[in-house]
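> just need the structure, nothing else, for what follows:
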Amino acid sequence: MTDDAASSTPRRTLRRGAVAAALTALLALLCCLGGAGAFLLTELGDEQKDDPSIAGLTCGTSHTVKSTGIMPRFTKYGDDQIRNAAVIIKVGQDMKVPARGWVIAVATAMQESALRNLGHLGRRNDHDSVGLFQQRPSQGWGTPAQLQDPAYAAGKFYQKLLTIPDWERLSLWEAAQKVQVSAFPYAYAKHEDLAGQIVDALAGGAARTVQLGAKAVCNVAAGARIAASGWTAPLPGGVVSGFRTAARPAHNGVDLAADKETPIHAAASGRVLVARCDPDHSGRRDCDVDGYPGKGGCGWFVDILHAGGYITRYCHMIRRPLVKPGQLVTVGEEIGRSGSSGNSSGPHLHFEVHVDGDRSKAGAINPVPFMRERGAPVDRTA
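Numbers count the residues shown, from 1 in each chain. From the prediction side, this is the model:
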């Protein structure tokens, strides 16, 4: 099968954040012992990213989280802050909250307090807010002393979260907002990716799990199944053509097996950037017919911006996408149906992942390890 990335994509390259090799090696050593309106790009993507190696982690939720001893290191967060994250996760474990709740709780505390157990800040304080979650005694959350106990504060957060219908399928910012009632609800979104990495580092790969009944199962997020990380595979078909192979060095994504009319799901919550017919090499926009090799263009395609500055692309849809530019979508939401429009030799989904908000080929990365690290592998047949 043949594909072109969107032919009219802007050729802009944003500077990528550097990750120290020593940090990656340290996290690999420590971790592997464990079994609304449109929001702006900066509001989704300004969280500094870490990239701990988690490929060898024992994936699951049985790993006992400890808040003592050596803590994994993350840029911007010291030992005390990561210990507070560990307390949040441990409380979630003890309360038997699915791992998705741990990611939501950690991301919420990252936004509210930068994972610091804050006392009353006087004039700088938001009313009488205190603690990791900036909960207010006057709103009935507890006494100031109770709310400055990280375990108590986390427990109160989870108690409220569990009362929200279908909370596990909400966008992280929506779930957090229903608990916190913040004046800046979208701000929670930018912490999701790093919160998932912290949960993985402290809880043995738990962010890669899907809660199926009473059991947490690894690496099965697809369609209606959403990993604790907040990601899902766009469709269940395996890879039939890889990323920038020797035979196809300009193939900036992977082709996933799919018959015509297979539902395509948003791989994560975010905002639609593009949903249109990509012109072929001659400039024609005739996407309502099957394409052919050498035609050029993605056919009907969608680009979605996600927390952390990630962008996913979905090409060769059979007809006009079900979403529009500027629309907020939730992970797992159907955005279109697979087909063979554009530069294509047969029905399939061409799927790309880009970093740093860069829609050009310079921002493209291999989707296979990226999705596997988030518990939503695309390199398998389901």
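> could you use CA atoms for every contact and neighbour count after this?
Will do.
> who does the helix or strand containing residue 103 touch, helix- and strand-wise?
Using DSSP states H and E, residue 103 sits in helix 99-113. Using 3 or more C-alpha pairs under 8 Å, 6 or more residues apart in numbering; DSSP states H and E as the contact test, the elements touching helix 99-113 are helix 79-94, helix 150-161, helix 172-180, helix 192-202.
> just name the most buried of those helices.
Highest mean neighbour count of these: helix 192-202, a mean of 27 (counted as mean count of other C-alpha atoms under 10 Å).
> who are the packing partners of that one?
Under the contact criterion of 3+ C-alpha pairs under 8 Å, 6+ apart, helix 192-202 touches helix 21-31, helix 79-94, helix 99-113.
> so which of those helices is nearest residue 192?
Residue 192 lies closest to helix 99-113 among those, at 5.8 Å (C-alpha to C-alpha).
> quick one: average pLDDT of the next helix or strand after that closest one?
Next helix or strand after helix 99-113 toward the C-terminus (DSSP H and E): helix 144-147. Summarised as a single mean, pLDDT over helix 144-147 is 93.
> quick check: most distant residue from the centroid of this structure.
residue 282 (36.2 Å; C-alpha atoms, centre = their mean).
> quick one: contacts of the helix holding residue 103?
The contact list for helix 99-113 (C-alpha atoms under 8 Å, 6 or more residues apart in numbering) reads 61, 85, 88-89, 92-93, 115, 131-134, 154, 157-158, 161, 168, 172, 175-176, 187-189, 191-192, 194-196, 199, 206-207, 209, 211, 227-230.
> and that helix with helix 150-161, angle?
120 degrees (axes from the mean of the first three to the mean of the last three C-alpha atoms, to 10 degrees).
> care to break the protein down by domain?
The chain breaks down by automatic domain parsing into domains covering 64-203, 239-373.
> tell me the most buried of the ones you listed?
Among these, highest average neighbours (mean count of other C-alpha under 10 Å) belong to domain 239-373, with a mean of 22.
> and it, how far out from the chain middle?
Put simply, domain 239-373 sits 17 Å off its chain's centre (C-alpha atoms, centre = their mean, to the nearest Å).
> got the end-to-end distance for it?
Distance across domain 239-373, first residue to last, is 16 Å (C-alpha to C-alpha, to the nearest Å).
> ok, stretch 283-302 next?
End-to-end distance for stretch 283-302: 18 Å, by C-alpha to C-alpha.
> average pLDDT for that stretch?
Per-residue scores along stretch 283-302 average to 96.
> likewise for stretch 369-377?
95.
> and for stretch 72-92?
Computed over stretch 72-92, the average pLDDT equals 94.
> hang on, the earlier thing: dump the domains of the chain into a markdown table; add distance to residue 222 as well.
Shown next, in a markdown table, are the domains of the chain (distance: least, C-alpha to C-alpha, whole Å):
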| stretch | distance to residue 222 |
| --- | --- |
| domain 64-203 | 13 |
| domain 239-373 | 8 |
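> go through the ones you listed and name the closest to residue 218.
Taking these one by one with C-alpha to C-alpha, domain 239-373 is closest: 9.9 Å.
> what's residue 181 sitting at in phi/psi?
Main-chain torsions, residue 181, degrees, to the nearest 10: phi 50, psi 60.
> any idea how far it is from residue 87?
Distance from residue 181 to residue 87, counting by C-alpha to C-alpha: 23 Å.
> quick one: contacts for the closest residue to residue 289 other than its chain neighbours?
Sequence neighbours aside, residue 341 is the residue nearest to residue 289 in space, at 6.1 Å (criterion: C-alpha to C-alpha, 6 or more residues apart in numbering). By C-alpha under 8 Å, 6+ apart, residue 341 lies in contact with 287-292, 298-300, 316-318.
> same thing but 6 Å
With contacts defined as C-alpha atoms under 6 Å, 6 or more residues apart in numbering, the neighbours of residue 341 are 287, 290-291, 299, 316.
> looking at those, spot the one nearest residue 257.
Using C-alpha to C-alpha, these come closest to residue 257 at residue 316, 12.0 Å.
> what's in contact with the helix or strand harbouring the closest one?
Per DSSP H and E, residue 316 falls inside strand 311-317. For strand 311-317, contacts defined as C-alpha under 6 Å, 6+ apart pick out 298-305, 337-342, 349-354.
> same thing but at 8 Å, please
267, 298-306, 336-344, 347-355, 357-359.
> and stretch 137-150, by the same measure?
Against stretch 137-150 from outside (C-alpha under 8 Å, 6+ apart): 84, 87-88, 117-119, 128-132, 135-136, 152-153, 156.
> same question for stretch 165-177.
Contact partners of stretch 165-177, identified using C-alpha under 8 Å, 6+ apart, comprise 100-101, 104-105, 108, 161, 164, 185-189, 192, 226, 230, 269, 330-331.
> let's have the helices and strands packed on helix 192-202 in CSV, adding distance to residue 240.
Listed next are those as CSV, based on distance: least, C-alpha to C-alpha, whole Å:
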stretch, distance to residue 240
helix 21-31, 30
helix 79-94, 38
helix 99-113, 30
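> out of the ones you listed, flag the one nearest residue 324.
With C-alpha to C-alpha as the measure, helix 99-113 is the member of the helices and strands packed on helix 192-202 nearest residue 324 (27.0 Å).
> kindly export that closest one (C-alpha atoms) in PDB.
Coordinates of each C-alpha in helix 99-113 appear next as PDB, following Å, rounded to 0.1, in the frame of the first residue of the first chain:
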ATOM      1  CA  ALA A  99      -5.500   3.000  37.300                       C
ATOM      2  CA  ARG A 100      -7.100   5.600  35.100                       C
ATOM      3  CA  GLY A 101      -8.100   7.400  38.300                       C
ATOM      4  CA  TRP A 102      -4.500   7.500  39.500                       C
ATOM      5  CA  VAL A 103      -3.500   9.300  36.300                       C
ATOM      6  CA  ILE A 104      -6.300  11.800  36.700                       C
ATOM      7  CA  ALA A 105      -5.500  12.400  40.300                       C
ATOM      8  CA  VAL A 106      -1.800  12.800  39.800                       C
ATOM      9  CA  ALA A 107      -2.400  15.200  36.800                       C
ATOM     10  CA  THR A 108      -4.900  17.200  38.900                       C
ATOM     11  CA  ALA A 109      -2.400  17.600  41.800                       C
ATOM     12  CA  MET A 110       0.300  18.600  39.200                       C
ATOM     13  CA  GLN A 111      -1.900  21.500  38.100                       C
ATOM     14  CA  GLU A 112      -3.200  22.500  41.500                       C
ATOM     15  CA  SER A 113       0.000  22.400  43.600                       C
END
